[in-house]
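K.L.:
Quick one: sequence and predicted model below, then my questions.
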Amino acid sequence: MAVVIRLTRRGAKKKPFYRIVAADSRMPRDGRFLEILGTYDPMLEENGCKVDAEKAAAWIKKGAKPSKTVDSLFKKAGVGA
């Protein structure tokens with residue numbers, strides 16, 4: 001099972017809100033996931049990303065690969081990914 005750390009979309013039309021989750025790569029974007037690692041709100045001016053750094057580091061240590069978008073969010077949030 002390949003685990004990826006990616007975004008799942010929540011929120012209403014024209015008002016996106018995302019969860020950062022660890023999920024099986026075979027599951028659909030908004031489908032089943034293993035654990036919620038944080039949130040990302042692009043509508044906020046600054047600091048719209050909240051990540052549990054310990055959980056994220058644990059999943060990366062186990063072999064999970066962050067998507068390109070999540071990797072850039074981790075860099076902005078200061079999570080060592």
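P.N.:
Structure's in. What do you need?

K.L.:
Give me the pLDDT for the spatially most central residue of the chain.
P.N.:
Against the mean C-alpha coordinate of the chain, by Cα atoms, centre = their mean, the closest residue is residue 20 at 2.2 Å. Reported pLDDT at residue 20 in the predicted model: 95.

K.L.:
Could I get the full set of strands for the protein?
P.N.:
Ranges of strands in the chain, per DSSP state E, are 3-12, 15-24, 35-40, 49-51, 65-66.

K.L.:
Can you pull out the low-pLDDT segments for the chain?
P.N.:
80-81 (pLDDT under 70).

K.L.:
rewinding a little: residue 41 is in contact with the residue nearest to the centre of the chain, correct?
P.N.:
No - in this structure residue 20 lies outside contact range of residue 41 using Cβ atoms under 8 Å: 11.2 Å. Every C-beta, even on glycine, is put in place using the N, C-alpha and C of the backbone.

K.L.:
so what's in contact with these two at the same time?
P.N.:
Residues within reach of residue 20 and of residue 41 at once, by Cβ atoms under 8 Å, 6 or more residues apart in numbering, are residue 49.

K.L.:
what's the spacing between the nearest residue to residue 78 once chain neighbours are set aside and residue 25?
P.N.:
Distances taken as Cβ to Cβ, 6 or more residues apart in numbering put residue 53 closest to residue 78, at 7.8 Å, once the chain neighbours are dropped. Noted for residue 53: a distance of 23 Å to residue 25, by Cβ to Cβ, to the nearest Å.

K.L.:
and those two? which has more neighbours close in?
P.N.:
The neighbour count for residue 53 versus residue 25, taken as other Cβ atoms under 10 Å, is higher for residue 53 (15 against 12).

K.L.:
any idea how far residue 27 is from residue 4?
P.N.:
9 Å.

K.L.:
So those two - more neighbours on which side?
P.N.:
Using other Cβ under 10 Å, the more surrounded residue of residue 27 and residue 4 is residue 4, with 18 against 15.

K.L.:
Please look at that one and residue 23 and confirm they touch.
P.N.:
Yes - contact status for residue 4 versus residue 23: in contact at 6.2 Å, counting by Cβ under 8 Å.

K.L.:
give the contact list for the residue nearest to the centre of the chain.
P.N.:
So residue 20 contacts 5-7, 36-40, 49, 51, 56, 70, 73 (Cβ under 8 Å, 6+ apart).
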